[in-house]
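>>> heads up, no residue letters with this:
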């Protein structure tokens, strides 16, 4: 598939997590991405042909600790529009592929540096992972059940939401600016910055008094009984997001409850009693029953599906949200474009540099 980024040339310095995810997104959208990998690179999550984060790449084995490896990467840079660097600050410079060297050779290059702590600040050179970036930004403290410890939602928020997605936005913005200036630039994409951007609604709710300290006590963190997860009789779960009054009314109707017998929806003092009422009713039948009851309604009640169930759900199947490539189920490229469809492809064994 051509994709909206057809013709764009990207060099990705091999790594794990958010950098390959950003490279995958660019490749999905039509860019030609060359992934630089050390010989016997152990960064793949299992066999490279089954690591869907690496789909759609050409692969360039190169030892950046050797003169030949550096020369191969710089030759690729000479033809590139974008370089993705996930090293700690200063590492690319020591290896001889830093932004000064690369931009001197290729002034139109967009050099994206994607790290956890950023290129500046007292923690810039420290190691870290998703959970650490969540912790330092105040976001992890808000995640988890009431009375329990903070709970990290796997590595989705900092690595990918605050990391690779922020990097892709920065790259596309820099490419747009380049169309008028004719010049590339260096992007400092830090996961701590991205996490705070993702958390802006929480900062807004704090500012307006709608978010109080204490996990699991607020409107959107499981504190509200009409925005939570409930166990069914068969041990499966349903998710409830009936925030607005019409949706809440539909939820009550489906559960066979009435406002007259319950505390007011928006009175936190009554939430424990409201939660107990909801829990008792949901626990009286299996998940399939509640799926049937709320099917086609606006109660905002959905089953909590396993990965296997999600792959077979009629809505996701109809949209092609999940696809299977060479026997591996994975997310389809997104978003959708009307004229320039993009497509996923398995990793490409191609040691050659990008070419126009």
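Cool, got the structure. For clarity, every value in this text was computed on a predicted model and none was experimentally measured.
>>> Pop the domain breakdown of the chain in here.
Domain ranges of the chain: 9-198+326-331, 227-231+237-303, per automatic domain parsing.
>>> Buried residues, the longest helix along the chain. List them.
Across the chain, the longest stretch assigned as helix under DSSP state H is helix 165-181. Buried residues in helix 165-181, defined by neighbour count with 16 or more other CB atoms under 10 Å: 165-168, 170-172, 174-175, 178. Using the backbone N, CA and C atoms, a C-beta is placed for each residue, glycine as well.
>>> Put together JSON lines for these, with pLDDT and distance to residue 299 on each row.
Converted to JSON lines, the buried residues of helix 165-181 look like this (pLDDT from 0 to 100; distance: CB to CB, whole Å):
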{"residue": "165", "pLDDT": "98", "distance to residue 299": "31"}
{"residue": "166", "pLDDT": "98", "distance to residue 299": "34"}
{"residue": "167", "pLDDT": "98", "distance to residue 299": "38"}
{"residue": "168", "pLDDT": "98", "distance to residue 299": "35"}
{"residue": "170", "pLDDT": "98", "distance to residue 299": "39"}
{"residue": "171", "pLDDT": "98", "distance to residue 299": "40"}
{"residue": "172", "pLDDT": "98", "distance to residue 299": "38"}
{"residue": "174", "pLDDT": "98", "distance to residue 299": "44"}
{"residue": "175", "pLDDT": "98", "distance to residue 299": "43"}
{"residue": "178", "pLDDT": "98", "distance to residue 299": "48"}
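>>> Which other helices and strands does the longest helix of the chain contact?
helix 18-28, strand 82-85, strand 110-115, strand 185-190, helix 191-198 (3 or more CB pairs under 8 Å, 6 or more residues apart in numbering; DSSP states H and E).
>>> Pick the one among the buried residues of helix 165-181 closest to residue 9.
Residue 9 lies nearest to residue 175 out of the buried residues of helix 165-181, by CB to CB, at 11.5 Å.
>>> Tell me which residues touch that closest one, please.
8, 81-82, 110 (CB atoms under 8 Å, 6 or more residues apart in numbering).
>>> what about this structure, any weak spots by pLDDT?
1, 40-48, 346-356 (pLDDT under 70).
>>> What segments of it are helices?
Using DSSP H, helices in the chain cover 18-28, 67-77, 91-95, 99-105, 130-136, 165-181, 191-198, 200-207, 245-255, 271-282, 287-294, 307-312, 314-319.
>>> Pull the distance from the shortest one to the chain's centre.
Taking the mean C-alpha point of helix 91-95 and that of its whole chain, the gap between them comes to 28 Å (CA atoms, centre = their mean, to the nearest Å).
>>> Stretch 278-285 too?
33 Å.
>>> same thing with stretch 239-246?
25 Å.
>>> In it, which of the residues would be classed as buried?
Here stretch 239-246 shows 240-242 as buried, counting by 16+ other CB under 10 Å.
>>> Start and end of it, how far apart?
Its first and final residues considered, stretch 239-246 spans 17 Å by CA to CA, to the nearest Å.
>>> still on that earlier bit, which stretch among the helices and strands packed on helix 165-181 comes nearest residue 262?
helix 191-198 (33.9 Å).
>>> what angle separates that closest one from strand 110-115?
With axes from the mean of the first three to the mean of the last three CA atoms, to 10 degrees applied, the angle from helix 191-198 to strand 110-115 works out at 90 degrees.
>>> Could you pull up the contacting residues of residue 317?
If you count contacts by CB under 8 Å, 6+ apart, then residue 317 has residue 311 around it.
>>> no no, residue 207
Contacts here follow CB under 8 Å, 6+ apart; on that basis residue 207 touches nothing.
>>> ok, now how distant is it from residue 201?
Taking CB to CB, to the nearest Å as the measure, residue 207 falls 10 Å from residue 201.
>>> State the distance from residue 103 to residue 19.
Distance from residue 103 to residue 19, by CB to CB: 19 Å.
>>> more crowded one of those two?
Using other CB atoms under 10 Å as the criterion, residue 103 and residue 19 rank with residue 19 on top: 26 against 19.
>>> which residues touch the closest residue to residue 236 other than its chain neighbours?
Distances taken as CB to CB, 6 or more residues apart in numbering place residue 287 nearest to residue 236, at 3.8 Å, with adjacent residues excluded. Counting by CB under 8 Å, 6+ apart, residue 287 makes contact with 232, 234, 236-238, 303.
>>> Which of the residues you listed sits closest to residue 182?
Closest to residue 182, out of all of the contacts of residue 287 and judged by CB to CB, is residue 303, at 52.4 Å.
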